[in-house]
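**Q** Fold the following.
(2 chains)
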Amino acid sequence: AQSVTQLGSHVSVSEGALVLLRCNYSSSVPPYLFWYVQYPNQGLQLLLKYTSAATLVKGINGFEAEFKKSETSFHLTKPSAHMSDAAEYFCAVSDGNQGGKLIFGQGTELSVKP
Amino acid sequence: EAGVTQFPSHSVIEKGQTVTLRCDPISGHDNLYWYRRVMGKEIKFLLHFVKESKQDESGMPNNRFLAERTGGTYSTLKVQPAELEDSGVYFCASSQDGGHGYNSPLHFGNGTRLTVT
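**A** As a prediction, this is how the structure comes out:
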């Protein structure tokens, strides 16, 4: 069975600093992995996805994530945080053959300090 | 194109009452999903429609929840009777392709925040 663990429910960084949000997964099949972002009072928006092509995946708004099979990780990074990055971020894995059925992590709230 | 629309955005009801949530997917999206986030917990899958058919309803908590998608367009999720533990945010999402969201990503609505008192 698939599962996702996000380390840290809250992460705070200064504007301009590196953003690192951690995600570890468990999957009995080759996983499809996703990062979603939720801004206040909005729905979830896809940041990026890994579908067994390149292990380094680039997404929107300068975010990227690296799939590391040996570490079962899919951490999200951004070199320089912007105030507008403040949001909640969710890592997710698709459930086997049903790509639209996602298993989410608990979410990480990112705060960006001026 | 219009996104996924959910009504209402907020609902406050008393325990034992009935509430119906509505989701209008993006036009042409055959696949429709319901998810729920109970406060402090992760977002969890409830069910998946392909057109008007329930493809997977393994995440539905119990028989107090009834989802429909008549005509394969909009969907409703009824909770009857509502209990305190039903409080949370209910998200709807749609996708274009055959349920494989990794080829066609899920588009989420803004959610309905349900509070049962």
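**Q** which residues does the spatially most central residue of chain B contact?
**A** Closest to where the C-alpha atoms of chain B average out (Cα atoms, centre = their mean) is residue B:34, at 3.1 Å. If you count contacts by Cβ atoms under 8 Å, 6 or more residues apart in numbering or on different chains, residue B:34 has them with B:23, B:45-47, B:67, B:75, B:77, B:90-92. Every residue, glycine included, has its C-beta placed from N, CA and C.
**Q** Distance to residue A:86 added to those residues, as JSON lines?
**A** Shown next, in JSON lines, are those (distance: Cβ to Cβ, whole Å):
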{"residue": "B:23", "distance to residue A:86": "27"}
{"residue": "B:45", "distance to residue A:86": "27"}
{"residue": "B:46", "distance to residue A:86": "28"}
{"residue": "B:47", "distance to residue A:86": "32"}
{"residue": "B:67", "distance to residue A:86": "34"}
{"residue": "B:75", "distance to residue A:86": "32"}
{"residue": "B:77", "distance to residue A:86": "30"}
{"residue": "B:90", "distance to residue A:86": "24"}
{"residue": "B:91", "distance to residue A:86": "20"}
{"residue": "B:92", "distance to residue A:86": "25"}
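**Q** Name the nearest of the residues you listed relative to chain A.
**A** Proximity of the contacts of residue B:34 to chain A (Cβ to the nearest Cβ) peaks at residue B:45, which lies at 5.3 Å.
**Q** before we move on, what SS does that closest one have?
**A** strand (DSSP: H, G, I helix; E, B strand; the rest coil).
**Q** Identify the nearest residue to it in space, disregarding sequence-adjacent positions?
**A** residue B:59 (4.2 Å; Cβ to Cβ, 6 or more residues apart in numbering or on different chains).
**Q** List the strands paired with the helix or strand bottoming out on mean pLDDT in chain A, with their directions.
**A** When each helix and strand of chain A is scored by mean pLDDT, DSSP states H and E, strand A:98-104 comes last, with a mean of 82. With DSSP bridges as the test, strand A:98-104 is paired with strand A:87-95 (antiparallel).
**Q** Residue A:86 and residue A:12, how far apart?
**A** Distance, residue A:86 to residue A:12, by Cβ to Cβ, to the nearest Å: 10 Å.
**Q** Find the residues that touch each one of those two.
**A** Shared contacts of residue A:86 and residue A:12, counting by Cβ under 8 Å, 6+ apart, come down to A:110-112.
**Q** show me which of those neighbour chain B.
**A** The subset of the shared contacts of residue A:86 and residue A:12 lying close to chain B, counting by Cβ under 8 Å from any Cβ of the partner chain, is empty.
**Q** out of those, which one sits closest to chain B?
**A** After measuring the shared contacts of residue A:86 and residue A:12 against chain B - Cβ to the nearest Cβ - the closest member comes out as residue A:110, at 16.7 Å.
**Q** Which of the three states applies to the closest one?
**A** Under three-state DSSP, residue A:110 comes out as strand.
**Q** That one against residue A:90, yeah?
**A** No - the criterion here is Cβ atoms under 8 Å, and residue A:110 misses it with residue A:90 at 11.3 Å.
**Q** And those two? Which one has more around it.
**A** Neighbours per residue, other Cβ atoms under 10 Å in any protein chain shown: of residue A:110 and residue A:90, the larger number sits with residue A:90, 25 against 20.
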